[in-house]
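Sharing a model that was predicted from the sequence below.
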Amino acid sequence: MSSMLEKLRLHSVLLALLMMALFGCQSISSPKEDALYHELGGTKGIEQIVDIFIYEIGENEVVVHHFEDTDIDRFREKQIEHLCVLSGGPCEYTGDDMIESHLGMNITETEFNSMTNSLITALDKAGVSLGARNRLLSILAAMRGEIIYR
């Protein structure tokens, strides 16, 4: 069962990347509409997603070591801002850029994929639709190069 779930998650990530390649990625700095924001449940929905995501990170043995010295309250706040902005919501992201915040972490592809799986789990647990989930993942996938091997 776990193997099948992992295959489905990997398939979803690959599908999102394919969709991004085929249709282009909408600008992550200034989304043109707020439909995704509303599909994620607005600010309350995004807060729920981030809270579940933080729990999932804590259970993720592959990546949890990267968060040992992290101010979790600040991390939560910046994740909420970031997802809000990326989904077209009425927020302002006040955190560091992706390259700066991942500098020196040397995140591997395996760790990046593991974090993606933790996010997929959080989105599923929060009841986010498959379409909204894949649109968000395609936006986030565009930042992959700013995160891994830094």
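That came through, no problem.

tally of neighbours for Ile60?
If you look again at residue 60, you'll see it is Asn, not Ile. 18 (other CB atoms under 10 Å). (Glycine included, C-beta is placed from N, CA and C.)

Start at 63, not 1
Happy to do that; since the first residue is 63 now, the last one works out to Asn122.

what's the nearest residue to it if we skip its chain neighbours?
Leaving aside its sequence neighbours, Asn122 sits nearest to Ser180 (CB to CB, 6 or more residues apart in numbering; 5.2 Å).

same thing with Met177?
Leaving aside its sequence neighbours, Met177 sits nearest to Val125 (CB to CB, 6+ apart; 5.5 Å).

Now do the same contact list for that neighbour.
Val125 makes contact with Ile119, Glu173, Ser176, Met177, Ser180, according to CB atoms under 8 Å, 6 or more residues apart in numbering.

Next, count neighbours for the last one.
If I follow you right, that is Ser180. Residues lying near Ser180 (other CB under 10 Å) number 23.

any idea which element it lies in?
Per DSSP states H and E, Ser180 falls inside helix 171-187.

what is the rounded mean pLDDT of that helix?
Helix 171-187 carries an average pLDDT of 93.

Dump the contacts of Val125 into JSON lines; add distance to Thr132 as well.
Formatted as JSON lines, the contacts of Val125 follow (distance: CB to CB, whole Å):
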{"residue": "Ile119", "distance to Thr132": "9"}
{"residue": "Glu173", "distance to Thr132": "15"}
{"residue": "Ser176", "distance to Thr132": "16"}
{"residue": "Met177", "distance to Thr132": "13"}
{"residue": "Ser180", "distance to Thr132": "14"}
